[in-house]
Every structure is written in C-alpha cells, then in structure tokens.
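Trainee: sequence plus predicted model, see below.
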Amino acid sequence: MDKRQGGFSLVELFAVILVTTGVLVPLLFSLVGNVQVNQRMNDKNAASLVQIAAIGGFNAMAHRDIRNLDLMATQGFVEFNADLNCDLLEDPGDAFYATNREICNLVFETTSANVTFDSEQFRVFVYPYYLTQAMKDQLLAYSDEVIPPEVKAEIAQITVVETVPTFNISRITVYIRYGDRLGDLLIRSGVIS
C-alpha cells in the first residue's frame, strides 16, 4: 500500500507563489505607470482643447471692450481667470446675444474630458499686438507671480515697433498648468480682434 497521497509539498507551493509574484509585480507596476501616463496625456489633451476654446471665446467678444479696460492702459495687459476681471467686461443686456461677461465666464467654466482647471492653473493674458520697447519692458518687468515666466518668454519673442499702429488687435496668451510636473504646462498665443 502506497502511503503517498498526490499533491504538492509546502516547499513547492512557496516556489510557485514566489515565481508568480516575481512575474506579476513588474506587470502591476507597469500597469500603474501606464495608467498615470494615460491620465497625464488625457489632461494635456484636455488643456489643449480648452486653450483653443479660450482663444475662440475671446475672439467672439467685442474686442474694444477689452482694449478699453483701465487695466490695459495702466498695466499694459489684462489677466482673466475664473476669479479675475470677467466682471469688468460690459454687460449690455442684449437678450439675443451672449454678452462679453457671459462669454468670459463660460470660457473659464469649460470642461474637457472631465478635466477642469482652477484660477491658478488656467490664466488668460491679453495685451497689445504691437509693442514698443517700453511697452515690452514694462510687461517683462512684472514679477513671476503676476506674469509667469513662460508667458514672459512668449512676450520676449515679440518684435518691437517704433510706433503702435491704430489697428484694433491684441495678442492673447493662454496659460494652462495641467499637472504637477515641471513640464505639465501648455502656452498658446493667438490674435484677437
């Protein structure tokens, strides 16, 4: 009579668990890494779409209302974000068309791919399209908290003019920080008229 019963010894079971763990752990780390990369890509794509919508929204506004703000004359630029300066825009009360104030507020309420951005992450800077050297120097002299260095880098690339033409156009630079990493930032500039 054979006393051996078929089955695995405790040592064999531990060996199987050890080998399985050695294969599964790297796969799980890879999966978690892929999920994080996909989330960052989703956030970046959402930020890009929000930037395009912001430039389009500001182009839909009556540009003269932005150019005529006192801040444009005193600071040389106007910053808009979810908490700042949309209330300064005119609200003529026309029932048939969205007002500048409503459009501005809608721009900052934009959600893309279930991603939203707060007033520190999503900022819009409007400043004259044509800059003299003095105007450019004024913008570049602001602290990094007022105008982020990445926006200043955009301004630094602008070719200055001797005299500002009377054309009623402005530059718009949309700043969106979509993540915590240093490179998780998008800057997009355009023209509004």
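Mentor: That came in fine, so what should we check first? Numbers count the residues shown, from 1 in each chain.
Trainee: which parts of the helix or strand of the chain with the lowest mean pLDDT count as buried, going by neighbours?
Mentor: Using mean pLDDT, DSSP states H and E, the weakest-scoring helix or strand in the chain turns out to be helix 63-67, at a mean of 83. Within helix 63-67, the residues that qualify as buried by neighbour count (16 or more other CB atoms under 10 Å) are 63, 65, 66, 67. C-beta coordinates here come from the backbone N, C-alpha and C atoms, glycine included.
Trainee: kindly export it (C-alpha atoms) in PDB.
Mentor: C-alpha atoms of helix 63-67 as PDB (Å, rounded to 0.1, in the frame of the first residue of the first chain):
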ATOM      1  CA  HIS A  63     -12.700  93.300 -28.600                       C
ATOM      2  CA  ARG A  64     -13.000  97.100 -28.000                       C
ATOM      3  CA  ASP A  65     -14.400  96.300 -24.500                       C
ATOM      4  CA  ILE A  66     -11.200  94.500 -23.500                       C
ATOM      5  CA  ARG A  67      -8.900  97.200 -25.100                       C
END
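Trainee: on contacts alone, who are the packing partners of the lengthiest helix in the chain?
Mentor: Scanning the chain for the helix with the most residues, using DSSP state H, yields helix 10-60. In terms of contacts (3 or more CB pairs under 8 Å, 6 or more residues apart in numbering; DSSP states H and E), helix 10-60 is packed against helix 100-108, strand 122-128, strand 170-177, strand 185-192.
Trainee: just flag whichever of the ones you listed has the lowest average confidence.
Mentor: Ranked by mean pLDDT, the helices and strands packed on helix 10-60 end with helix 100-108 at the bottom, a mean of 91.
Trainee: centre of the chain versus that one, how much separation?
Mentor: 16 Å (CA atoms, centre = their mean, to the nearest Å).
Trainee: packing partners for it?
Mentor: Secondary elements touching helix 100-108 (3+ CB pairs under 8 Å, 6+ apart): helix 10-60, strand 78-80.
Trainee: now do the last one: which elements does it pack against?
Mentor: Yep, that's strand 78-80 we're talking about. helix 100-108, strand 122-128.
Trainee: among these, which is the most enclosed?
Mentor: strand 122-128 (a mean of 23; mean count of other CB atoms under 10 Å).
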